[in-house]
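Novice: below are the sequence and a predicted model; questions follow.
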Amino acid sequence: MPEYARLERRFPRPGDLKPFLALKDRRGLGRVQRRLASAHTIEDLRRIAQARTPSGPFHYVDGGAEEELGMARAREAFRDLDFHPRILCDVHAVDTSTTVLGGPSALPFGFAPTGGTRMMHAAGERAVVRAAGRAGIPYALSTVGTTSIAALAEAAPSARRWFQMYLLKDRDLSLRMIAEAKTHGYDALIVTVDVPVSGNRLRDLKYGMSYPPQLTLKTFLDASYRVEWWSNLLTTEPYTFTYEEPGVPRSALQVSGFNDNTTTFEDLAWVREAWGGPLVIKGVQTLADARRAVDAGVDGIVLSNHGGRQLDRTPPPLHLLPAAVREVGADTEVMIDSGVRTGSDVVAAIALGARFVLVGRAYLYGLMAGGEAGVDRAAHILRTEVERTMQLLGVTSIAELTPEHVRLFTRRAPVPLY
Ligand SMILES: Cc1cc2nc3c(=O)[nH]c(=O)nc-3n(C[C@H](O)[C@H](O)[C@H](O)COP(=O)(O)O)c2cc1C
């Protein structure tokens, strides 16, 4: 007799089904919260973002330069690593806090500078800084942001704010911008150095990305099923740059026109003098440049390929990290970004010696998926992933993470030099 035929059976009683009915009680949640509650990863937020945002801005965020190989490889580097956990450690309480550039951060990551943020969602940079403040982490406002230095400070006076500079062709204008950031209590200056010219982002051409957005037939059709985005755009204040002055043409501040590509390491001296606070160089991609930056007296460097948005086919910053930490880690704070999509990525970078990690697209997907609450959701997802990964690795503090917890792999081996 088959085993199933030998089972003792009875008729189901009322109430027997109750434990199997896992109906989620989302009655108290609003429309946006309900939508966000279904996102358990940054990738989930990305999918929601794509459905809700016109193609131009979505692909401006999601895309990279040319064939997007640098972008894909930066991500791949995180996926290819192994974790080596310790067992039987008491991990009931985990402390994710750290310090960076002379101040505290509740988590070992912060929000990277991103231009044009109000195009992703009308709530823009104000939403990002408030969410960063709630999470207890720093946020860097971009030179080509869409909210002024003063307005951002007003939106979240107690949040840790950094200011990201592209050095402008007009040096006096750069100096006035630096002074403005100082006046409004920004506590670090990040000079981004990997955009001597804009990268060739083909998706921007394909999807008609423009700043400000143009209503063409194509964008009009796209907008017809993203009505909320367009109505937000048309009913909120027009975009302004991070820093504007009466009489200074916007082209002096716009990506194609603003950036001084005659800048060299020597310029760091006058920037440092004008700023007087912690100074960081973002976009370091070689050991030689890491050393030169340190010799120029910077307080921190960000190993970054700009999320694969500038020069394509740049190596993953994660692969440079261990050597960079060995080379300059004792002299400066080594930070990293590009390709971080999970809290476990953050933990891996910290274990390999990074002082701090920046995330760009991760919070922008949250913003596009649900405005300020979406950025909160992104921070929540990353935070819980950081905590869980630390506990599973057997550590309870950032200081306990070491390179022994991580092993890097690469699918490609370099061709030997001859
Ligand atoms: C839409 C977008 C706009 C960006 N704008 C800037 C910018 O204005 N200044 C800057 O230094 N970096 C900018 N970045 C790069 C980020 O600061 C960061 O280096 C990058 O997003 C990290 O990669 P990830 O997106 O994979 O996390 C931008 C990135 C994105 C996605």
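Specialist: Thanks, I have the structure now. Numbering: from 1, shown residues only.
Novice: where does the protein dip in pLDDT?
Specialist: The chain contains residues with pLDDT under 70 at 22-25, 211, 250-257.
Novice: redo that, cut-off 80
Specialist: 1-2, 4, 14, 17-28, 210-225, 246-259, 417-418 (pLDDT under 80).
Novice: let me see the contact set for Phe356.
Specialist: By CB atoms under 8 Å, 6 or more residues apart in numbering, the contact list for Phe356 reads Thr98, Val100, Ser105, Pro108, Phe109, Gly110, Glu333, Met335, Ile336. The C-beta positions use only the backbone N, C-alpha and C, and glycine is treated the same way.
Novice: top of those residues by neighbour count?
Specialist: In terms of neighbour count, Phe109 stands highest of the contacts of Phe356 at 33 neighbours, by other CB atoms under 10 Å.
Novice: whatever residue of the stretch 151-300 of the chain ends up closest to the ligand: neighbouring residues, count only.
Specialist: Proximity of the stretch 151-300 of the chain to the ligand (CB to the nearest ligand atom) peaks at Thr192, 3.4 Å away. By other CB under 10 Å, the residues close to Thr192 number 23.
Novice: show me the beta-bridge partners of it.
Specialist: Listed by DSSP bridges, the beta-bridge partners for Thr192 are Lys282.
Novice: wait, a strand at Ile190?
Specialist: Yes. The assignment for Ile190 is a strand, going by DSSP: H, G, I helix; E, B strand; the rest coil.
Novice: count of neighbours near it?
Specialist: Neighbours of Ile190 under the rule other CB under 10 Å: 28.
Novice: near the ligand, which residues of the stretch 251-400 of the chain show up?
Specialist: Residues of the stretch 251-400 of the chain found near the ligand (CB under 6 Å from any ligand atom) are 282, 304, 306-307, 309, 337-340, 359-362, 364.
Novice: what residues does the residue in the chain positioned nearest to the ligand make contact with?
Specialist: Closest residue of the chain to the ligand, CB to the nearest ligand atom: Gly360 (2.0 Å). Residues in contact with Gly360 (CB under 8 Å, 6+ apart) are Phe111, Ala112, Thr114, Gly307, Asp337.
Novice: wait, which of these is closest to Asp295?
Specialist: Asp337 (22.8 Å; CB to CB).
Novice: test my guess that the closest one contacts Ala362.
Specialist: No. Using CB atoms under 8 Å, Asp337 makes no contact with Ala362, being 10.0 Å away.
Novice: rewinding a little: what's the closest non-adjacent residue to the residue of the chain closest to the ligand?
Specialist: Ala112 (4.1 Å; CB to CB, 6 or more residues apart in numbering).
Novice: thought that neighbour was touching Ala362?
Specialist: No. With contact defined as CB under 8 Å, Ala112 does not reach Ala362; the gap is 9.0 Å.
Novice: hmm, Pro317 is touching Asp337, no?
Specialist: Yes. Between Pro317 and Asp337 there is a contact under CB under 8 Å: 7.0 Å.
Novice: what do these two both touch?
Specialist: Common neighbours of Pro317 and Asp337, using CB under 8 Å, 6+ apart, are Leu303, Ser304.
Novice: that'll do, ta.
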